[in-house]
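> Quick one, structure for this:
(3 chains)
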Amino acid sequence: MQLARLLRRSFFNRDPRAVGPALLGKIVVRRQGRKIRAGRIVEVEAYLGADDLAAHAAAGRTERNAVLFGPPGHAYVYFIYGVHYCLNISCMPKGEAGCVLIRALEPVAGMEEMATARGLISLNLDSARDLRKLTSGPGRLCEALEITRLRDNGKDMVSPESDLQVLDDGFHPAKVLVTRRIGISKSAAMPLRYVIAGNEFVSGKTAI
DNA sequence: TTATAGATTGCCT
DNA sequence: GGCAATCTATAAT
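Sure thing, here's the model as predicted:
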């Protein structure tokens, strides 16, 4: 990973359909004292506003989804299925809803800490097959980075002070694939899932 | 007040 | 491939 710098807030101050593919190849960093955990974004989904029935913002602003209507570049973390957290980054100017769901990361740093956080004791860090278990899925990556609603919801991800940030190290994916979103029933036809073509850390499919 | 579905994962057969 | 885990928001009594 070369010199990496924080993304600008303006990066997120636009339509999630523009932010989504642009986020592929960027790096999510969790700072914890001197330790850092980091992963390259390889899979995301865009969630829109009132026109997108699958989006939490579709029913209007509530206490839960307030971050979506706030300024861009902030973490929207929600709890799902009584088990998992999911990490989104707010998009669009303040007052307008929209976000991008981070669905999978390619581990870059802090893999041992990730494995511990995931409860994967005997993980072989030299095995790509094993590394997939760390962050290949929205619930998994939150567990690996210890992202929770209480701790991280509303956190500014483009602030130098934040312990949860998005960085750009200049990497650009060779090819981006666009598909339908996964795991939803409403507004399911829209092509709003973006993945780095051929990347093995994309969630789902590949047997683990 | 009670019921149900949900932007998931891992263990079971 | 099926399904339980188990919290939250929203719909239905």
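> Just to check, A:I89 is in contact with A:N13?
No. Contact criterion C-beta atoms under 8 Å: A:I89 and A:N13 do not qualify, at 11.5 Å. All C-beta spots, glycine's among them, are computed from the backbone N, C-alpha and C.
> what residues do these two have in common as contacts?
Shared between the contact lists of A:I89 and A:N13 (criterion: C-beta atoms under 8 Å, 6 or more residues apart in numbering) are residues A:G73.
> So between those two, which is more surrounded?
The residue with more neighbours, out of A:I89 and A:N13, is A:I89; 30 against 17, by other C-beta atoms under 10 Å.
> For the closest residue to A:S10 other than its chain neighbours, give its distance to DNA strand C.
Once flanking residues are discounted, A:S10 sits nearest to A:P72: 8.0 Å by C-beta to C-beta, 6 or more residues apart in numbering. According to C-beta to the nearest atom of the strand, to the nearest Å, A:P72 and DNA strand C sit 22 Å apart.
> Which residues of chain A lie near DNA strand B?
A:45, A:47, A:54-57, A:76, A:78-84, A:86, A:88, A:99, A:101, A:118, A:133, A:137-140, A:181-186, A:203 (C-beta under 7 Å from any atom of the strand).
> So how do I select the buried members of those residues in ChimeraX?
With 16 or more other C-beta atoms under 10 Å as the criterion, this ChimeraX line picks the buried residues out of these:
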select /A:45,47,54,55,56,57,76,78,86,88,99,101,118,133,137,138,139,140,181,184,203
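> Which of the residues of chain A next to DNA strand B fall in strands?
Mapping those onto strands (DSSP state E) picks out A:45, A:47, A:76, A:78-80, A:84, A:86, A:88, A:99, A:101.
> Any chance of TSV for the residues you listed, columns distance to DNA strand C and pLDDT?
TSV is the format used below for these (distance: C-beta to the nearest atom of the strand, whole Å; pLDDT from 0 to 100):
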residue	distance to DNA strand C	pLDDT
A:E45	19	98
A:Y47	14	98
A:Y76	12	98
A:Y78	8	98
A:F79	5	97
A:I80	7	97
A:H84	8	98
A:C86	12	98
A:N88	14	98
A:C99	15	98
A:L101	16	98
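> Output these in CSV; the columns should cover distance to A:A4.
Listed next are these as CSV, based on distance: C-beta to C-beta, whole Å:
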residue, distance to A:A4
A:E45, 24
A:Y47, 26
A:Y76, 23
A:Y78, 27
A:F79, 30
A:I80, 30
A:H84, 28
A:C86, 24
A:N88, 21
A:C99, 23
A:L101, 22
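> Neighbours of A:C142, how many?
By the criterion of other C-beta under 10 Å, A:C142 has 23 neighbours.
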